[in-house]
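>>> pasting the sequence and the predicted model now:
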Amino acid sequence: EARVSETSTGKETVNATFPVAIVMLRAIRDFFWKTGNKIGFKPAGGIRSAKDSLAWLSLVKEELGNEWLKPELFRIGASTLLSDIERQIYHHVTGRYAAYHDLPMS
């Protein structure tokens, strides 16, 4: 069973930052090298856009590899992110940005 390590509880003023995440990811990697046990990672808060999620995916891939991109080892909170992805898809399909009433989830 995979365990997941979070950068914070998500209730702090400052949540996941890249410098803190790099330290945590390298600790996860070192732990895996020493024990063979995989610990997952979930950056708390701050991931509000598709662009942010791509940055986090890239960071995890570079530090830990493709194996850690699986849902049981890498998770992000997605409620605000979902709205941004909806807006990005809407813009891609229609060529314009959505009005508030166009996307009920927003």
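Now that the structure is in, tell me what you want to look at. Numbering: from 1, shown residues only.

>>> dead centre of this protein: give me the residue that sits there.
Centroid-nearest residue in the chain: residue 76, 3.8 Å away (criterion: CA atoms, centre = their mean).

>>> pretty sure it sits against residue 50.
No - counting by CB atoms under 8 Å, residue 50 is not a contact partner of residue 76; they are 11.2 Å apart. Quick note: C-beta positions are derived from backbone N, CA and C, even for glycine.

>>> ok, which stretches of the protein are strands?
3-6, 39-42 (DSSP state E).

>>> lowest average confidence across the ones you listed, which one?
Of all the strands of the chain, the minimum mean pLDDT falls on strand 3-6 (a mean of 56).

>>> who touches the longest helix out of those in the chain?
When the chain is parsed with DSSP state H, its longest helix is helix 18-35. The contact list for helix 18-35 (CB atoms under 8 Å, 6 or more residues apart in numbering) reads 5, 7, 37-39, 41, 43, 55-56, 59-60, 63-64, 68.

>>> which single one of those residues is nearest to residue 98?
Taking CB to CB as the measure, residue 98 lies nearest residue 55 of these, at 23.4 Å.

>>> distance check, that closest one against residue 17.
12 Å (CB to CB, to the nearest Å).

>>> got a list of what residue 88 touches?
Residue 88 touches residue 50, counting by CB under 8 Å, 6+ apart.

>>> that one and residue 53: what is the separation?
11 Å.

>>> next, count neighbours for the residue nearest to residue 73 when sequence neighbours are not counted.
What sits nearest to residue 73 in space, not counting adjacent residues and going by CB to CB, 6 or more residues apart in numbering, is residue 40, at 4.0 Å. For residue 40, the neighbour count with other CB atoms under 10 Å is 19.

>>> from residue 102, how far out is residue 83?
Applying CB to CB to residue 83 and residue 102 gives a distance of 12 Å.

>>> quick one: which of those two has more around it?
Taking other CB under 10 Å, residue 83 and residue 102 do not tie; residue 83 has more neighbours (16 against 13).

>>> any idea how far residue 68 is from the more buried one?
In terms of CB to CB, residue 83 sits 26 Å off from residue 68.
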